[in-house]
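> No letters, just coordinates:
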């Protein structure tokens, strides 16, 4: 398994999910991007592996279309060893925030306790985008098997799209551009106390695709609730099963409450 990145199949999101944004940050290994969801005017929900080890501030961008081809126009930190500063991010016209990781995040070492959840706390509130609603506590339990396979979830993110290249060998590969927000519909496959597993096979006529590299941290919606965040994929071509860290469980929601983020009333 590997951290997930981008939508496979699916379609451009347009403005259907304006509260889903791209986040950009530095770690000891370089500069990376993930996806995240605004869940309060000052807090974005994302994956723990998108916040763990962040250096400096995190850049946030809610544009649906970032770049059809390079360059992206994102700034470069003056000192990559310390990451972005708030001033650098805001001078470039973007929002800045501080990353926090769930205290029980296991970095994929404990298969029973993933807790692949993180947040970005913004330095300035967002006033022109309505936050998404966090699912009520244990909301997904009502969709366990046999109902799960008949339930269609919507995942959103800024990951790479897996498709056939314009030239050369026609083997589908992750393509970094265009860098846009995309969405895919996926049927449920398995549910555990921490993980929602979805079928991202584009040949499954019940859905339209799945998540891949860059979609990490992006939301999975059910009935307009954020029920999970993109966590990992099983294959490098992102055409099989994907794992999504549940956002409706007690250990996650208790932690989010410390940031002033509360679930919808069930």
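Here it is on my side, so go on. Because the structure is predicted, anything quoted here is derived from the model rather than measured.

> Relative to residue 53, how far out is residue 137?
Distance, residue 137 to residue 53, using C-beta to C-beta, to the nearest Å: 30 Å. Placement of C-beta: from N, CA and C, glycine included.

> list the contacts for the spatially most central residue of the chain?
The centre of the chain sits closest to residue 218, judged by C-alpha atoms, centre = their mean, with a distance of 1.6 Å. Residue 218 makes contact with 20, 34-37, 46, 155-159, 211, 229-230 under the criterion C-beta atoms under 8 Å, 6 or more residues apart in numbering.

> at 7 Å instead, please
20, 35, 155-157, 211, 229-230 (C-beta atoms under 7 Å, 6 or more residues apart in numbering).

> Next, give me the two most distant ones among those residues.
Pairwise distances across the contacts of residue 218 peak at 12.4 Å for 20 and 211 (criterion: C-beta to C-beta).

> my guess is residue 106 meets residue 117, correct?
No - using C-beta atoms under 7 Å, residue 106 is not in contact with residue 117, being 11.0 Å away.

> Any buried residues in stretch 130-141, and which?
131-137, 139-140 (16 or more other C-beta atoms under 10 Å).

> before we move on, what about stretch 38-46?
38-40, 42-46.

> circling back to that earlier point, so if I had to pick from residue 106 and residue 117, which one is more boxed in?
The neighbour comparison of residue 106 against residue 117 (other C-beta atoms under 10 Å) goes to residue 117, with 31 against 15.

> I'd say the more buried one and residue 248 touch.
No - in this structure residue 117 lies outside contact range of residue 248 using C-beta under 7 Å: 11.3 Å.

> Which parts of the stretch 151-266 of the chain are strands?
With strands called from DSSP state E, counting those that start in this stretch, the stretch 151-266 of the chain shows them at 152-157, 161-163, 173-175, 179-180, 182-191, 195-199, 209-210, 219-222, 225-233, 241-246.

> The last one versus strand 225-233: what angle between them?
Counting by axes from the mean of the first three to the mean of the last three C-alpha atoms, to 10 degrees, strand 241-246 points 130 degrees away from the direction of strand 225-233.

> With the fifth one instead?
Relative orientation of strand 182-191 with respect to strand 225-233: 80 degrees, computed using the same axes, to 10 degrees.

> Output the contacting helices and strands for strand 182-191.
Other helices and strands packing on strand 182-191, by 3 or more C-beta pairs under 7 Å, 6 or more residues apart in numbering; DSSP states H and E, are strand 11-12, strand 152-157, strand 195-199, strand 209-210.
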